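S.K.: need a structure here:
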Amino acid sequence: MATRREFLIRSGKGLASLALLPGGTLFPESVQGSLTSKTPASAAVSLNDKIGQMVLVGFRGMKLDPGNPILADIRERRVGGVVLFDYDVPSQSPVRNIESPSQVRDLAAALKEASASPLLVAVDQEGGKVSRLKEKFGFPATVSQQFLGTSDDIAATRKSAEETANTLAECGFNINFSPVVDLNINPENPVIGGRERSFSADPAVVTKHAIEIIKAHHARGILTTLKHFPGHGSSKNDSHLGFVDVTETWSPTELEPYEKIIAAGLSDMVMTAHIFNSKLDTCLPATLSGRTIDGLLRDELRFDGVVISDDMQMKAISAGYGFEEAVLLAVGAGVDILAFANNSVFDPDVAASAIGILRKAVQDGKVGEERIDRSYARITRLKSRLGKGAI
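M.R.: Below you'll find the model as predicted:
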């Protein structure tokens, strides 16, 4: 039997030690348990509908033409969410989903109308350099989270967040992939610090400003997303481009914003990072790691809300794992919604492929339907709050 190692996350602040067991198999024991353990079934809903809710996808189109593949994803495959972008990276074209406030409002309304159940209509509107709703399209100007954290003026953060939430609500969005709660440990980090996405290196500053962002969104019925768990702020590389190892730079302090916000009951969704951290899992990156998601996030931090992956098409995942392997590992680790931005590569069949993989895995007994039921229950609970404000 493998020797057990204990990694002390933090003492005296409500977190116990996290047990780490060296692995090596495709599905470690903890992941196998997550895939097959029992929960009450959602008997009245078809398996296809439940699995469809576990997929969020990006698409092309300023409006919904009848032949747009996203319509089949929504109507036939019952995908649970979509995400809008202002720029199409694969074609290097500014023509994607966003042109003006009225156009976005009409598009969001059409997407929701096409869905038989509540649809997540998401956007990355962090502010500053990561803003899909740009001033050049007629939207209000925004400032970065770094600007707000450096100013450390809660009233200013509240005002900025209220303006963002108002814009999102008026355009028909119901979830923002924000706030970023990564700590600015490495200011030269090409994907966090270098893009001014972090409030601060101080977890207390990050936490208080993130809470203001969340409360302002809730006041307008917009749900939010903490990202990127368990912490991307110390990395030296960009997980969009390939493998990222934070083992030597990551600190347990990076968990503090999650711990505090979850304990306050303000966390709607948590987005995983594709970073590798051998202190937490000796084999798998966070998005695919049961030790990190079901172990650390759910068991240690007591989060029972929706976990969404970062874009599964990013090279930190796609370059190291086959598509089917990544889908099954992520679900086995505890991910509830698989995000496919379709904006590093574009594959109109990506939602159908992911749904087909999960359906076959259930039919073959590789994934218990009870595992699907757990995610479906969390997603349904989240969607019951759409437009209703705070938890």
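S.K.: now residue 55: how far from residue 61?
M.R.: Relative to residue 61, residue 55 is positioned 18 Å away (Cβ to Cβ, to the nearest Å). Any C-beta I mention is one placed from the backbone N, CA and C, and that applies to glycine too.
S.K.: which of the two has more residues huddled nearby?
M.R.: Using other Cβ atoms under 10 Å, the more surrounded residue of residue 55 and residue 61 is residue 55, with 26 against 18.
S.K.: got a list of what the more buried one touches?
M.R.: 73, 77, 79, 80, 81, 337, 338, 340, 351, 354, 355 (Cβ atoms under 8 Å, 6 or more residues apart in numbering).
S.K.: show me where the stretch 201-350 of the chain has strands.
M.R.: Taking DSSP state E, counting those that start in this stretch as the test, the strands found in the stretch 201-350 of the chain are 225-229, 269-272, 306-308, 338-340.
S.K.: in its sheet, what does the second one sit against?
M.R.: Neighbouring strands of strand 269-272 in its sheet, by DSSP bridges, are strand 225-229 (parallel), strand 306-308 (parallel).
S.K.: spell out for me which residue occupies the centre of the protein.
M.R.: residue 271 (2.9 Å; Cα atoms, centre = their mean).
S.K.: ok so, going back, okay, the strands of the stretch 201-350 of the chain in CSV with distance to residue 107 and mean pLDDT next?
M.R.: As requested, these are exported to CSV (distance: least, Cβ to Cβ, whole Å; pLDDT from 0 to 100):
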stretch, distance to residue 107, mean pLDDT
strand 225-229, 21, 97
strand 269-272, 22, 97
strand 306-308, 21, 98
strand 338-340, 19, 98
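S.K.: turn the ones you listed into TSV, columns for distance to residue 256.
M.R.: Output for the strands of the stretch 201-350 of the chain, formatted as TSV (distance: least, Cβ to Cβ, whole Å):
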stretch	distance to residue 256
strand 225-229	12
strand 269-272	14
strand 306-308	19
strand 338-340	25
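S.K.: tell me which of the ones you listed sits nearest to residue 281.
M.R.: Closest to residue 281 of those is strand 269-272 (Cβ to Cβ; 12.0 Å).
S.K.: so for residue 196, which of the strands of the stretch 201-350 of the chain sits nearest?
M.R.: Counting by Cβ to Cβ, residue 196 lies closest to strand 225-229 out of these; the figure is 15.2 Å.
S.K.: and the contacts of the closest one?
M.R.: With Cβ under 8 Å, 6+ apart, strand 225-229 has contacts from 175-182, 210, 257-258, 261, 267-273, 275, 286, 292-293, 297, 307-308, 310.
S.K.: again, only using 6 Å
M.R.: The contact list for strand 225-229 (Cβ atoms under 6 Å, 6 or more residues apart in numbering) reads 177, 180, 181, 182, 267, 269, 270, 271, 272, 273.
S.K.: looking at these, which is nearest residue 114?
M.R.: Closest to residue 114 out of the contacts of strand 225-229 is residue 177 (21.6 Å), distances taken as Cβ to Cβ.
S.K.: residues contacting the closest one?
M.R.: By Cβ under 6 Å, 6+ apart, residue 177 lies in contact with 122, 124, 225.
S.K.: hey, what's the last one bridged with?
M.R.: What it means is residue 225. With DSSP bridges as the rule, residue 225 is bridged to residue 269.
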